[in-house]
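show me how the following folds:
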Amino acid sequence: MIRRSPAPAGSRELYPSLRRPTIAPGRKARPIPHPPPTADSPAPPAGPLSTAPCPIDAALIARAVDGRATAADRRAAFGGLVDRHADRVHDTLAKLLGDPHEASDAAQEAFLKAWRKLHTFRGDSSFRTWLTRIALNAAASRRRTAARRGTRTGLPPGPREDVRAAAPDAATLGDERDRAVRAAVAELAEEFRVVVVLKEFEELSYEAIAEIVDVPVGTVRSRLHRGRAELKRRLAPLLRESAGKSRTAEAPR
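Next up is the predicted model:
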């Protein structure tokens, strides 16, 4: 039987990967690099989030909460969990918050809380599901804090180009659409934004989303329908403008 250690004290020095990444203004946060895969530190998982238990995660969790292990061994085991899941957590938070800077801070908060609360994880769901719930709470907390301070999270749309200027190429139009989509998603109400991101970007099943946000599948479907409709409404002007620019670019000179 595994002897669980008491809840560890919070510290930003628990694991180097949890330190705040250095990000140049205007640049996307760089994901935490993964070490080369070994027998003790397997390669991070790929593909959509799964709610099924993962044997690799289970083994790392068992080491991280084993009261007989040294503190260094427990931190190293949790570091393995960070290495496996950091990229996806950051990507999900960046889509939810619309800002890589905010996503980096929220991801750090999520992993610190996961470390402090790891002894409470019972394996009823997958670690990734449990961690995603914590990450969603971290994102919601940052948005509430920003609202109280009168600021906002999310990337505003980029500057609008003069239609009379030189016709933009496909890459420019794509970048503009990406910025607008991120901004529109960031403006959705919390309950709609979460399910839209998890379904449309993370490509999770309705059942997986229901487990993560702890609501019935029918509620997930309803929120997704309303979120999609609101997103379409917010993006309608951009879609019309993009169509006009495309026709301008294709017109014979």
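
give me the element the closest residue to Phe121 other than its chain neighbours is part of.
The spatially closest residue to Phe121, leaving aside those adjacent along the chain, is Trp130, at 5.8 Å (C-beta to C-beta, 6 or more residues apart in numbering). To be clear about C-beta, it is placed using only N, CA and C from the backbone, and glycine gets the same treatment. Taking DSSP states H and E as the definition, one finds Trp130 inside helix 127-148.

let me see the contact set for the closest residue to Ala106 other than its chain neighbours.
Closest residue to Ala106 apart from its sequence neighbours, by C-beta to C-beta, 6+ apart: Ala138 at 4.4 Å. Ala138 makes contacts with 93, 106-107, 109-110, 113, as judged by C-beta atoms under 8 Å, 6 or more residues apart in numbering.

show me what counts as buried in the helix or strand encompassing Glu109.
Glu109 is part of helix 100-117 when elements are defined by DSSP H and E. For helix 100-117, the neighbour count (16 or more other C-beta atoms under 10 Å) marks 100-115 as buried.

pLDDT weak spots in this protein?
Where the chain drops to pLDDT under 70, the residues are 1-53, 150-175, 239, 241-253.

what ranges does it have for its helices?
In chain order, the chain shows helices spanning 55-64, 71-97, 100-117, 127-148, 170-187, 190-196, 206-213, 217-250, with DSSP state H as the criterion.

related to what we said a few turns ago, from Lys113, how far off is the residue nearest to Ala106?
Ala138 sits 7 Å away from Lys113 when distances are taken as C-beta to C-beta, to the nearest Å.

relative to Arg179, which of the buried residues of helix 100-117 is nearest.
If you rank the buried residues of helix 100-117 by distance to Arg179 using C-beta to C-beta, Pro100 comes first, at 12.5 Å.

pretty sure the closest one is touching Ala106, no?
No - with contacts counted by C-beta atoms under 8 Å, Pro100 stays clear of Ala106, the gap being 10.5 Å.

show me the contacts for the closest residue to His85 other than its chain neighbours.
Taking C-beta to C-beta, 6+ apart as the measure, His85 lies nearest to Leu131, with 5.9 Å between them; neighbours along the chain are not counted. Leu131 is in contact with 85, 89, 110, 114, counting by C-beta under 8 Å, 6+ apart.
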